[in-house]
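S.K.: sharing a model prediction with you, sequence too.
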Amino acid sequence: MIIVHSVEELISHTQNMRDSIGFVPTMGALHEGHISLIKRAKEENSKVVVSIFVNPTQFLEGEDFDAYPRQSLSDSEICRLAGVDVLFMPTSTSMYGEDEISIFAPPIRGFILDGSSRAGHFNGVLTVVMKLLNIINFHKPQKLRAYFGKKDAQQLALITQMVKDYFMSVEIVGCEIVRDKSGLALSSRNAYLTTQEMQKALLLSKSLYEAVKLIMQGVLETKIVSASMEKILLETTKIDYIAFVDREFKQLQRVEIGNTIILVACMVGSTRLIDNIWI
Ligand code: AMP
């Protein structure tokens, strides 16, 4: 595995990747969720590139940019063992200049749910993803696939839309959410949780499973399902939102089987956690 830190080096190392490239962008502190994306990229492409970059532009003022876990040594070992070909760990100055153009998230879908609680977050996400995809696509391989987790469902939907809206030559692949045995969706931010908060964090998946149970019993009114989720979550967490959207992130009044995503965002202590389930 080759590790590179500058855009120029990456462009030079992708020069001979003529066939298919699987690209997995991350912010590091890698866990089994990230590894599942890398494995899938490995299965479906002849070369795999992973990026680790804690992207400053997607953190708002007062958020956890400084505290975000950074563990480049163990991360690079994980990538090496997973068979990654090139690991890209750029510096901020390599990725950003002064007075730059940035991508704007769509005014509606980019500013609801996480885009409302974290206004501007998706501008930063889309900008960095656009940059990364353009770098990897520099030599125009036969096929570029980029892998994103359904864990960040709104992010996945917006990136899929950006690629479509901007006629970009890349296939966006959505990957299943990886959970631990207790149902907790893996996240780098779980590292912030105390043992007690870990127990509270379990309520997110518990509420989603309760929703599925009700829906399977034929309860399709989102208000009713939402109320029973709220009951579970309010025990010990502060709810940011409970939402029912279709695959394009339009709000639903009734659950449509095969076309619904149920999302939750909660504060557990001072940590904001998100989770969702695709119905
Ligand atoms: P992050 O490092 O948190 O920016 O995540 C990098 C990629 O990994 C994103 O596409 C996430 O959606 C994905 N990801 C994070 N956690 C999980 C998980 N538990 N299961 C599947 N994918 C995940």
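M.R.: Yep, that arrived.

S.K.: how much space between Thr127 and His34?
M.R.: Applying Cβ to Cβ, to the nearest Å, one obtains 21 Å for the distance of Thr127 from His34. Just so you know, the C-beta spots here come from the backbone N, C-alpha and C atoms, and that holds for glycine as well.

S.K.: ok, these two, which is more surrounded?
M.R.: When Thr127 and His34 are compared for neighbours, His34 comes out ahead with 27 against 22, by other Cβ atoms under 10 Å.

S.K.: what sits against the more buried one?
M.R.: Taking Cβ atoms under 8 Å, 6 or more residues apart in numbering as the criterion, His34 is in contact with Val24, Thr26, Ile78.

S.K.: Ser116 too?
M.R.: Under the criterion of Cβ under 8 Å, 6+ apart, the contact list for Ser116 is empty.

S.K.: quick one: it is in a helix?
M.R.: Yes. Residue assignment for Ser116, taken from DSSP: H, G, I helix; E, B strand; the rest coil, places it within a helix.

S.K.: okay, now Ser228: neighbour count?
M.R.: Neighbours of Ser228 using other Cβ under 10 Å come to 15.

S.K.: could you find the closest non-adjacent residue to Asp85?
M.R.: Once flanking residues are discounted, Asp85 sits nearest to Lys47: 4.7 Å by Cβ to Cβ, 6 or more residues apart in numbering.

S.K.: brain fart, Phe88
M.R.: Leaving aside its chain neighbours, Phe88 sits nearest to Ser51 (4.3 Å; criterion: Cβ to Cβ, 6+ apart).

S.K.: repeat for Gly22
M.R.: Nearest one to Gly22, counting by Cβ to Cβ, 6+ apart, is Ala41 at 2.9 Å.

S.K.: helix or strand right after the helix or strand where that neighbour lies?
M.R.: With elements delineated by DSSP states H and E, Ala41 resides in helix 32-44, which encompasses its position. Past helix 32-44, heading to the C-terminal end, the next element that is a helix or strand (DSSP H and E) is strand 47-52.

S.K.: could you list every helix and strand in contact with the following helix or strand past that next one?
M.R.: Tracing the chain past strand 47-52, the next element assigned as helix or strand by DSSP H and E is helix 72-81. Packed against helix 72-81, as judged by 3 or more Cβ pairs under 8 Å, 6 or more residues apart in numbering; DSSP states H and E, are the following elements: helix 32-44, strand 47-52, strand 86-88.
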